[in-house]
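K.L.:
Here you go, sequence then predicted model.
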Amino acid sequence: MTLPPAAIALTAAGQGGWNQQSDYKAVRYNGKTYFGWVASNGDVKIASYTHATGVVSAATTLHATLAVDVHVSPSIVVRDSDQRLMVAYTQHDTSTFCTRISTNAEDETAWGGEVAMDGALGGNTYTYPSIFQQLGQAGDPIQIMYRDVQDAGLSGALCYTYTTDHDASPTWQAQATLYKNANKQSYWKVACDGNIRIDVVTTDGHPVTDAPTKLCHMYSDATDWHESDGTVLGALPYGPSDLTEIDDGAGGSCWPMNVVANGGNPVVVYWRGTYGGGSMDIVYARWSGAAWVKTVIATNGGPGGYAPGGAVIDESDPDTVYASVWNGARYSLRRYVTADSGATWTWAASIDGGQSDDSIWPAVVRNSAAGLRVVWLHGTITADDTYTLAVSGA
């Protein structure tokens, strides 16, 4: 794999912000990469980068001043039937859950009306939508996975909805609860291979208030949900004891950053340690076919606080990880590679172009290719609603 170029400035300062849980934040299709964010004034926005020319489009506002909160950033998919873009975004733990569809193919500048999802779903309060399409399933469904806070605000449940309608006004199915641990707020990452398989990695609670938290895995095929070894799971919803344990939390609380299906041999990258405490391991785990094999890529020191880095796997090359690591003065985005299936790792390059401020919360570009494989935020953030960030890519 070729070395990424110097950092590409995709937005200006103040025109950046997203949460770590939702995907996909950036999607490449037919020579353009579409990416979304929430600006520091609360505007939910989207723009594109044209690879042949290096031109970044003017930003389009999807929802003005939805909330000054990184949790409201959009998730993006390009619909296969007509190449129109679809986005999903929420406020933070409220009943506001919105989708929109572009009016033209491959065009992020013109959009149909905003659709309020709460009435169709029948949930409570929503956050962290991840939208994707399964082209190997009947009807080519578009699915959204998200958090719904249940049980009088005590349980953060992983829920989903889907549609097989590919018109301007799709009908969404009522909410189904896939996973929860009663009276706890779990955190997860989801990934779809674009065909049939969905992988989920999740904690068994909040990595701070329920410390130490475990990390577990499950996946779906065309008909069932499974443990990592293929054992079929029973009826929904599932809890931690139903899933395959990746990490028991003995080394500190786990917090998932990314999962990639990798042809049925999934790989995961996650934090492990004391969140906000200034030192956390960046751990890579790979399913061997019989067990989860774990390796520490790097130990992320630094001041800790609200934003201690982040890490993601290159979707097209699971032997490459992009990780935000403290370099003694700031969080710098580094590219790590392995030549032995994750047993050992080499710091190959710093790829954030020598930016002078923190480079944090990288996100993989869906269907990426040379020229723009990863995007990230740089700037400052001290709370959900206090940030001055920009988007860069490489």
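P.N.:
Yep, it's here. In this text, all values refer to a predicted model and were calculated from it rather than measured experimentally.
K.L.:
burial count for the residue nearest to residue 279 when sequence neighbours are not counted?
P.N.:
Nearest non-adjacent residue to residue 279, counting by Cβ to Cβ, 6 or more residues apart in numbering: residue 301, 5.1 Å away. Glycine gets a C-beta too; all of them are placed from N, C-alpha and C. Other residues lying near residue 301 total 15 when counted by other Cβ atoms under 10 Å.
K.L.:
Then residue 19?
P.N.:
Other residues near residue 19 come to 17 when the count uses other Cβ under 10 Å.
K.L.:
Looks like it contacts residue 75 (just checking).
P.N.:
No - using Cβ atoms under 8 Å, residue 19 makes no contact with residue 75, being 10.0 Å away.
K.L.:
re the thing from before, so the residue nearest to residue 279 sits against residue 327, correct?
P.N.:
No - applying Cβ under 8 Å as the test, residue 301 and residue 327 come out as separate, 9.4 Å apart.
K.L.:
Show me the helices in this protein, by range?
P.N.:
118-121 (DSSP state H).
K.L.:
right, and residue 37 touches residue 15 too?
P.N.:
Yes - between residue 37 and residue 15 there is a contact at 6.9 Å, judged by Cβ under 8 Å.
K.L.:
In terms of neighbours, single out the busier of those two.
P.N.:
Between residue 37 and residue 15, counted using other Cβ under 10 Å, residue 37 has the larger neighbour count: 28 against 20.
K.L.:
What's opposite the more buried one in the beta bridge?
P.N.:
residue 45 (DSSP bridges).
K.L.:
quick one: common contacting residues for residue 37 and residue 15?
P.N.:
Shared contacts of residue 37 and residue 15 (Cβ atoms under 8 Å, 6 or more residues apart in numbering): 45, 391.
K.L.:
ok, back up a step: quick check: the gap between the residue nearest to residue 279 and residue 252.
P.N.:
Residue 301 sits 14 Å away from residue 252, going by Cβ to Cβ, to the nearest Å.
K.L.:
Please apply the same query to residue 45.
P.N.:
From residue 45 across to residue 252, the span is 36 Å (Cβ to Cβ).
K.L.:
Equivalent analysis for residue 121, please.
P.N.:
Taking Cβ to Cβ, one finds residue 121 at 35 Å from residue 252.
K.L.:
repeat for residue 375
P.N.:
From residue 375 to residue 252 the distance is 28 Å (Cβ to Cβ).
K.L.:
do the same with residue 356
P.N.:
Taking Cβ to Cβ, one finds residue 356 at 30 Å from residue 252.
K.L.:
what about those two, which has more around it?
P.N.:
The residue with more neighbours, out of residue 356 and residue 252, is residue 252; 21 against 9, by other Cβ under 10 Å.
K.L.:
Tell me which residues touch the more buried one, please.
P.N.:
Counting by Cβ under 8 Å, 6+ apart, residue 252 touches 211, 212, 272, 273, 274, 280, 281.
K.L.:
Could I have the ChimeraX command that selects the buried members from those?
P.N.:
Burial among these is assessed by 16 or more other Cβ atoms under 10 Å; the matching ChimeraX selection reads:
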select :212,272,273,274,280,281
